[in-house]
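Participant: need coordinates for the below:
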Amino acid sequence: MKIHFISIGGSVMHQLAIALKRKGYQITGSDDEIFEPAKTNLAKEGLLPQAIGWQPDRITKDLDAVILGMHAKADNPELQKAKELGVSIYSFPEYIFQESKNKTRVVVGGSHGKTTTTSMIMHVLREAGKAFDYLVGARLQGFDQSVNITKAPIIVCEGDEYPASVVEKRPKFHFLFPHIAIITGIAWDHINVFPTFDNYLEQFRIFIDKIEPNGHLIYNDTDSILKELVETHARTDIHYHPYRVPDHSITNGVTRVAIEGVVTELKVFGDHNLLNLNAAWLACKELGVSSHQFINAIGSFTGAAKRLELLAKNESTVFYRDFAHAPSKVKATIEAVKNQFPDRKFIAALELHTYSSLNEAFMKEYKGAMDAADEASVFYSKHALELKRMPDLPKEVVKTGFAKENLEVFNDRSELENWLNGLDYNNAVVVFMSSGNYDGLDTEAFARRITQAEV
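Facilitator: A predicted model of the protein is given here:
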């Protein structure tokens, strides 16, 4: 197979290129910019383009496929050349399906918890000795890639609702046709693509329609919106598996969970992670994993990167980093930390970084999301607004949206740093929540400095 990647430097695109090269395919690619770690990863595999920029002469009739990254524009010269020559053009998820037609396909969809649920399934299957391929949106301990394509009989995919490419505007998870589908919950997001909630909800209705006949839908029964969708859009040719928070206990900050009477301690915590765990269990069960195998494996799961990831701690202070940015994700993370450490002062620092979160009209969706924090701040960078070509976001609008009386709002990194440096961290738990980097603030270094200073 000869395959060319347009925008090979993408975070997931370059991983797929590497996976297919390892499978024995002939891979070429191009991009107008390639950053780390993609640059080093591609170089190690001999796939780094010799020159930056688009090269239409690399598009030839003998190509079996061109895979189009979502950051390529509609007027891309390589894309135009591929169309002229009649070469098969695929978005990333469309090509994943081509590689997995003869596999059992597990697809995890939902507004939140997709990465963690997918990672849990991957972790358990590996520990249980099952051969499988995968596609996941974060780094996971024990896996050197976020994409793997082999001859395995199973593929586990994180199913994103964002558009597949500049040519194919439909959501990525509409192209994967699962045998086992999971929906973790529905909360409006990506308002630049789905301007109304009904439009966003429709994407999940379509996803349910994409489940293969005699397939399985595993869904979060505690999400009222999702529950209503499932009940009003029931299919008679698939199997339904509702789930809730499983039996568990919390003692001295340690969570223990029971599945079919088998108990283990967990390294992760929070109701949202317990929900993710139960969804993962039901999927693994359909794949032939026993409750004993599942429990033995899940006890060693430490989480995906930036999902309540422990940064540093000492006897009096604990720091976590989390990817939360959408309102439902922020609320779930806040509640999880508060419930796990009820006797500690809770400090929360959120960065607004996505298009939706920086949109004035969307701000009301955050109402109450940070109420459980004792000390709370929201940061957003003027630079992020400029890059997204968005209007100024007044601090007062943010305060009104969150509706938290003592909330601090900053749009300058030095203001955030001054606030952080002025806090008392004795007997405290701290969580940094962001899909960005606080305009360059090294949160891990800060956490290590504070915990070392107090030892």
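Participant: SS state for residue 256?
Facilitator: Using DSSP: H, G, I helix; E, B strand; the rest coil, the structure places residue 256 in strand.
Participant: give me the neighbour count for it.
Facilitator: 14 (other CB atoms under 10 Å). C-beta here means a position set from N, CA and C on the backbone, and glycine is covered the same way.
Participant: for the most centrally placed residue in the chain, give me its contacts.
Facilitator: Nearest residue to the geometric centre of the chain (CA atoms, centre = their mean): residue 115, 4.2 Å. For residue 115, the contacting residues are 136-138, 158, 304, 307, 323, by CB atoms under 8 Å, 6 or more residues apart in numbering.
Participant: got it, and residue 72?
Facilitator: 6-7, 78-79, 165-166.
Participant: and for the residue lying closest to residue 365 once chain neighbours are set aside, the neighbour number?
Facilitator: Nearest residue to residue 365, sequence neighbours excluded (CB to CB, 6 or more residues apart in numbering): residue 327, at 4.5 Å. Look at residue 327: counted by other CB under 10 Å, it has 26 neighbours.
Participant: wait, isn't residue 327 in contact with residue 364?
Facilitator: No: assessed by CB atoms under 8 Å, residue 327 is found out of contact with residue 364, at 9.4 Å.
Participant: show residues contacting the strand or helix carrying residue 386.
Facilitator: Following DSSP states H and E, the helix or strand that holds residue 386 is helix 382-387. Residues outside helix 382-387 that contact it (CB under 8 Å, 6+ apart): 352-353, 358, 391-393, 411-412, 436, 439.
Participant: tell me the mean pLDDT for stretch 406-424?
Facilitator: Confidence for stretch 406-424, expressed as mean pLDDT, is 96.
Participant: so which of the contacts of residue 115 are in strands?
Facilitator: Among the contacts of residue 115, DSSP state E puts residue 158 in strands.
Participant: and stretch 106-120, end to end?
Facilitator: Start to finish, the residues bounding stretch 106-120 are 13 Å apart (CA to CA, to the nearest Å).
Participant: cool, stretch 85-99 as well?
Facilitator: 23 Å.
Participant: show me where the stretch 1-150 of the chain has its strands.
Facilitator: Along the stretch 1-150 of the chain, counting by DSSP state E, counting those that start in this stretch, strands occupy 2-6, 26-30, 65-68, 89-91, 104-109, 133-135, 147-148.
Participant: equivalent analysis for the stretch 251-400 of the chain, please.
Facilitator: Under DSSP E, counting those that start in this stretch, the stretch 251-400 of the chain gives strands at 254-259, 262-265, 309-313, 317-322, 345-351, 375-379.
Participant: for those strands, give me TSV that also has distance to residue 47.
Facilitator: Converted to TSV, the strands of the stretch 251-400 of the chain look like this (distance: least, CB to CB, whole Å):
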stretch	distance to residue 47
strand 254-259	42
strand 262-265	41
strand 309-313	29
strand 317-322	31
strand 345-351	33
strand 375-379	37
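Participant: closest to residue 273 out of these?
Facilitator: With CB to CB, the closest approach to residue 273 among the strands of the stretch 251-400 of the chain belongs to strand 254-259: 8.4 Å.
Participant: report the strands that pair with the closest one, each with its relative direction.
Facilitator: Take DSSP bridges as the rule and strand 254-259 pairs in its sheet with strand 248-251 (antiparallel), strand 262-265 (antiparallel).
Participant: which parts of the first one are buried?
Facilitator: Going back to what we said before, that points to strand 248-251. For strand 248-251, a neighbour-count test (16 or more other CB atoms under 10 Å) marks residue 248 as buried.
Participant: just curious, which of the contacts of residue 115 is nearest to residue 250?
Facilitator: residue 307 (18.7 Å).
Participant: circling back to that earlier point, quick one: which of the strands paired with strand 254-259 is nearest residue 400?
Facilitator: Across the strands paired with strand 254-259, residue 400 has its closest neighbour in strand 248-251 (34.6 Å, CB to CB).
Participant: so what touches that closest one?
Facilitator: If you take CB under 8 Å, 6+ apart as the criterion, strand 248-251 is touched by 255-258, 269, 274, 339-340.
Participant: can you get me the start-to-end distance on stretch 135-146?
Facilitator: First-to-last residue span, stretch 135-146, CA to CA: 6 Å.
Participant: buried ones among the contacts of strand 248-251?
Facilitator: Among those, those classed as buried by 16+ other CB under 10 Å are 255, 257, 269, 274, 340.
Participant: residue 108: which of those is nearest?
Facilitator: Out of the buried ones among the contacts of strand 248-251, the member with the shortest distance to residue 108 (by CB to CB) is residue 274, at 16.0 Å.
Participant: what pLDDT does the model give residue 349?
Facilitator: The model reports residue 349 with a pLDDT of 97.
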